[in-house]
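A.B. asks: just the structure for this:
(2 chains)
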Amino acid sequence: MKKSLTLLGAASVLFAMTGADAGAQQTLAQVKQRGALNCQVGLPTPGFYALSADGKWSGLDVDMCRAVAAAIFDDPDKVRYQSVTSAVRFTSLANGESDMLSRTTTWTAVRDSQLGLEFVGVNFYDGQGFLVPKASGIKSARELDGATVCVLTGTTTELNLADYFRANNMRLQAVTNENVNVLVETYLGGGCDAYTNDKSGLAARRSAFPTPDDHVILPETISKEPLGPVVRHGDQNWGDIVRWVLMGLIEAEELGVNSRNLDEMLKSDNPNIKRLLGVEGNIGQGMGLTNDFMVRVIRHLGNYGELYERHVGANTPVGIPREESLNALWTKGGLMYAMPFR
Amino acid sequence: MPDESRLATADRPLVFAPKPSRAPPSSAIGPIAWMRANLFSSVSNALLTLLGAYIVIVVFAAIINWALVDAVWEASNRRECLDKVGRAGACWPGVIAWIPNLLYGLYPKDQVWRINAAFLMLVVWALPLWLPGVRSKLAIGLSAVLLYPFPASYFFHGGEQDLLWTALIALGLAAFAWVWLTTFSERFTGLSFGAFVARVTGDAEQPEESARLRARIGYAVLYLAALALAAQWSLSEVPTRYWGGLFLTLVISGIGITFSLPAGVMLALGRRSHMPFISLCSTAFIELFRSVPLITILFMFNTMLPLFLPVGVEVNRLVRAIVAVCLFAAAYMAEIVRGGLQAILRGQYEAAAAVGLGFWQSTALVIMPQALRIMIPTIVGNFIGLFKDTTLVSIIGLFDLLSMARAVGEDTTWLGLFLEPFFFITLIYFVFCFLMSQYSLNLERRLGAGQRR
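C.D. replies: Numbers count the residues shown, from 1 in each chain, chains lettered A, B, ... in the order given. Next up, the predicted model:
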């Protein structure tokens, strides 16, 4: 999800950038000294950063935090989660409170270049779609002319919606609220003809409907939402660490290394696997980590495919099938592509 | 033989003795008459009554149906609830599963007893205030406000204690023991604790100095015992980022409320002061904090403050929020107190001055007691507002009661469950605010604030 900054947030981020440089250096040293990674997630959202009844954080983005902690400390639990509203997310990163941000943040040109942020990669490709009742007979988003659409307010979701309707010469009546649950209730109560959000969110919400099969997600995807972890400008080494933990997770899946076969893979003759697991080469030490940092990550958490299936895959309540989606490996027609480990 | 009874009657002066009055007709008393007088006095009133009754019945019937009759009480996830009753009935198992989080946040569940113990300690501490026969109520109240925070914060936070910290905790424990020793001695012997110690340890014939010395030794022994206890006391550390739910709401608003009243009094006096520097500072502070929304102050304290601190210095997020809330509440309280001060007639000041009271004496003994009494409704209204305003801390990443309730509907097991948790916390907020408001009414009645002026 990609809630836009409030004016307040934007102003303060610009303000914050002036002070960011001082705190930016040696993030890794600070993290090690503190003994824990300050990782910012969002307000609880199923699949990505969910809080359970026993008070534990879990999710795809939470595991990104845990992976970085595992790479540094060999202990994925050495994470202090910070959960703030999206209005202050970049400020909390810029002012040094968070070491990294892992909370379904869309990589955009303005954010990357003007807010003092560095996007290190993409761990989930999302896109905005529409959910409609099956009974309406609507088969395509193009048929939504004149429809009332429920949409989160103050987000790029809202802007994308307006863009799409204008580009297609359609009339739009938006019903806005800042709370997803209120929108869903409105939609279920017949207050709007369609509900729009990122498709990952649509699937998750639909699973909680009284009769999920009475609702369909329309085929159109009206926006690009590459979501990934973010760090501050000014400490490239720290950015490298987060980036290559993410790359390592994807590379491990491509090479078939997972948490179950890790010990066999450590004996593998494949030079790519040897470099990934630090049996050969000095990739980890070059970043200030140990060479076996990916062994730690995979042992505790698994590879990207395992994380995906654990939190958002088809067998979870969120239920987003991975096959033939953008989130499949590049070898299987998706966009998940790790830069070479060498 | 004269009829004695007739004689007796004749002797008595003739007095008109009315027959006992008959009971009023049933149409003039009892519930029926009351209803006729108050609810159905005219056709239009009767119609309004019926309409009102209809609305109340429909609304309450709907709520009761949803919350109780059609509700599901046993399920392991929301899907089961939906399969049973759809959205017609509440799905309480989700809220029940989340109650520990709603009340205590992410506080380690095996340590939750510490929170309960600390709140119990506060209740026990303040109990003597309501007991008859206890004279040192002011001292007991002050000790609760000033010294309870030390043991309470150790209960909540735990961890290592340094020397100063241990000493302060011991002070709190000693005060706690003193409160109850005083209560017992005053109730049963009518003597204060010090006098009681002096009485027990020596005979009353001895000179006063010796008695005072022995009372002091009694206090010292009490403190040393508390110190020994505090030094032994060890609880595991629970960092404030795990604090949440109702507990966090109570901590923030409790500190805010306790701090804002004295600070507000000081600021109000400062603003009315004739000393230009003090007056200027107080006015500037009050106007600055009153003209900015609380959310902005929280935002400033939470996200801006770290920018001005040196690298590596981290001021606790909760402390920042509490400081922001306290300063904001103090500014508002100052204006309330100033309004109360203005209601005190000039004659009171002059009378106080005439009997030779200085500024502090006349303020503390003459002006403030009257001003505070007439300010009770506004002050408590402000406290209630502050209690609810603490929900704003959710924006800076503190999981108070409201944000915890929001999180229930995002838990994959209970996805979409949001009316029920909100209903539940509405009840919690209602209970707290209603108790505060009732207490203030009770206080007003006892002090006769409405009549005495």
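
A.B. asks: would you map the strands across the stretch 1-150 of chain A?
C.D. replies: In the stretch 1-150 of chain A, the strands defined using DSSP state E, counting those that start in this stretch lie at A:37-41, A:50-51, A:57-58, A:79-83, A:100-106, A:117-119, A:124-126, A:128-133, A:148-152.

A.B. asks: sheet-wise, list the partners of the third one with their directions.
C.D. replies: Translated: strand A:57-58. Strand A:57-58 has the following sheet partners, assigned by DSSP bridges: strand A:50-51 (antiparallel).

A.B. asks: mean confidence for the partner strand?
C.D. replies: pLDDT averaged over strand A:50-51 equals 90, rounded to a whole number.

A.B. asks: burial measure for the closest residue to chain A within the stretch 101-250 of chain B, as a count.
C.D. replies: Per CB to the nearest CB, the residue of the stretch 101-250 of chain B with the smallest distance to chain A is residue B:106, at 4.3 Å. Quick note: C-beta positions are derived from backbone N, CA and C, even for glycine. Residues within reach of residue B:106, counting by other CB atoms under 10 Å in any protein chain shown, total 21.

A.B. asks: in chain A, which helix has the most residues?
C.D. replies: Assignment by DSSP state H gives helix A:236-255 as the longest helix of chain A.

A.B. asks: from the strands of the stretch 1-150 of chain A, which stretch is densest packed?
C.D. replies: Most buried of the strands of the stretch 1-150 of chain A by mean neighbour count (mean count of other CB atoms under 10 Å in any protein chain shown) is strand A:50-51; its value is a mean of 28.

A.B. asks: so how far is that one off the chain centroid?
C.D. replies: 14 Å (CA atoms, centre = their mean, to the nearest Å).

A.B. asks: touching it from outside, list them.
C.D. replies: A:44, A:57, A:58, A:59, A:62, A:83, B:101, B:407, B:410, B:411, B:412 (CB atoms under 8 Å, 6 or more residues apart in numbering or on different chains).

A.B. asks: show me what contacts the residue of the stretch 101-250 of chain B closest to chain A?
C.D. replies: Shown in contact with residue B:106 (CB under 8 Å, 6+ apart): A:55, B:241, B:242, B:243, B:244, B:399.

A.B. asks: identify the residues contacting the third one.
C.D. replies: Under the criterion of CB under 8 Å, 6+ apart, the contact list for residue B:242 reads B:105, B:106, B:107, B:108.

A.B. asks: now do the contacts for the closest residue to residue B:415 other than its chain neighbours.
C.D. replies: Once flanking residues are discounted, residue B:415 sits nearest to residue A:208: 3.9 Å by CB to CB, 6 or more residues apart in numbering or on different chains. For residue A:208, the set of contacting residues under the criterion of CB under 8 Å, 6+ apart consists of A:184, A:317, B:78, B:79, B:82, B:415, B:416.

A.B. asks: please apply the same query to residue A:308.
C.D. replies: Applying CB under 8 Å, 6+ apart, one finds that residue A:308 lies in contact with A:60, A:322, A:327.

A.B. asks: wait, which of those is closest to residue B:12?
C.D. replies: Distance to residue B:12 across the contacts of residue A:308 (CB to CB) is lowest for residue A:60, with 102.7 Å.

A.B. asks: sorry, back to before: return the subset of the contacts of residue B:242 lying in helices.
C.D. replies: Judged by DSSP H, the contacts of residue B:242 include no members of helices.

A.B. asks: which one of these has the most neighbours?
C.D. replies: Among those, the one with the most neighbours (other CB under 10 Å) is residue B:105, at 26 neighbours.

A.B. asks: partners of that residue in the sheet?
C.D. replies: Going by DSSP bridges, residue B:105 is paired in beta bridges with residue B:243.

A.B. asks: isn't it right next to residue B:247, touching?
C.D. replies: Yes - under the criterion of CB atoms under 8 Å, residue B:105 makes contact with residue B:247 at 6.1 Å.

A.B. asks: any idea how far residue B:333 is from residue A:108?
C.D. replies: With the distance defined as CB to CB, to the nearest Å, residue B:333 ends up 45 Å from residue A:108.

A.B. asks: what does stretch B:155-172 contact?
C.D. replies: Residues external to stretch B:155-172 that are found in contact with it (CB under 8 Å, 6+ apart): B:111, B:114-115, B:117-118, B:121, B:147-152, B:154, B:223, B:226-227, B:229-231, B:233-240, B:243, B:251.

A.B. asks: related to what we said a few turns ago, neighbour count for residue B:333 and residue A:108, which is higher?
C.D. replies: The neighbour count for residue B:333 versus residue A:108, taken as other CB under 10 Å, is higher for residue B:333 (29 against 18).

A.B. asks: is it true that that one lies in a strand?
C.D. replies: No - in this structure, residue B:333 is helix, not part of a strand, as judged by DSSP: H, G, I helix; E, B strand; the rest coil.

A.B. asks: okay, now the unreliable bits of chain A?
C.D. replies: Counting by pLDDT under 70, chain A contains low-confidence ranges at A:1-25, A:154.

A.B. asks: show me where it has its helices.
C.D. replies: So, for chain A - with DSSP H - the helices run A:7-24, A:27-34, A:60-73, A:89-94, A:109-114, A:156-167, A:180-188, A:199-207, A:236-255, A:262-265, A:271-276, A:283-286, A:293-301, A:304-311.

A.B. asks: just to revisit the earlier point, closest one of the contacts of strand A:50-51 to residue B:70?
C.D. replies: Nearest to residue B:70 among these: residue B:411, at 22.5 Å, using CB to CB.

A.B. asks: for the closest one, which non-adjacent residue is closest in space?
C.D. replies: Leaving aside its sequence neighbours, residue B:411 sits nearest to residue A:52 (CB to CB, 6+ apart; 5.7 Å).

A.B. asks: so what's the one you found up against?
C.D. replies: The neighbours of residue A:52, taking CB under 8 Å, 6+ apart as the test, are A:58, B:411, B:412, B:413.

A.B. asks: same deal with residue B:74?
C.D. replies: Residue B:74 makes contacts with residue B:93, as judged by CB under 8 Å, 6+ apart.

A.B. asks: and it, how far is that from chain A?
C.D. replies: Distance of residue B:74 to chain A, given as CB to the nearest CB, to the nearest Å: 15 Å.

A.B. asks: pLDDT for the contacts of residue B:242 - can I get that in CSV?
C.D. replies: Listed next are those as CSV, based on pLDDT from 0 to 100:
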residue, pLDDT
B:105, 91
B:106, 91
B:107, 92
B:108, 91
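
A.B. asks: got CSV for the contacts of residue A:52, with secondary structure and distance to residue A:78 too?
C.D. replies: Putting the contacts of residue A:52 into CSV (DSSP: H, G, I helix; E, B strand; the rest coil; distance: CB to CB, whole Å) gives the following:
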residue, secondary structure, distance to residue A:78
A:58, strand, 16
B:411, coil, 24
B:412, helix, 25
B:413, helix, 26
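
A.B. asks: PyMOL command for the buried members of these?
C.D. replies: To isolate the buried members of the contacts of residue A:52 in PyMOL, using 16 or more other CB atoms under 10 Å in any protein chain shown:
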select buried, (chain A and resi 58) or (chain B and resi 411+412+413)
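
A.B. asks: now for the contacts of residue A:52: which two are most distant?
C.D. replies: Of all pairs drawn from those, the greatest distance, 11.4 Å, lies between A:58 and B:413 (CB to CB).
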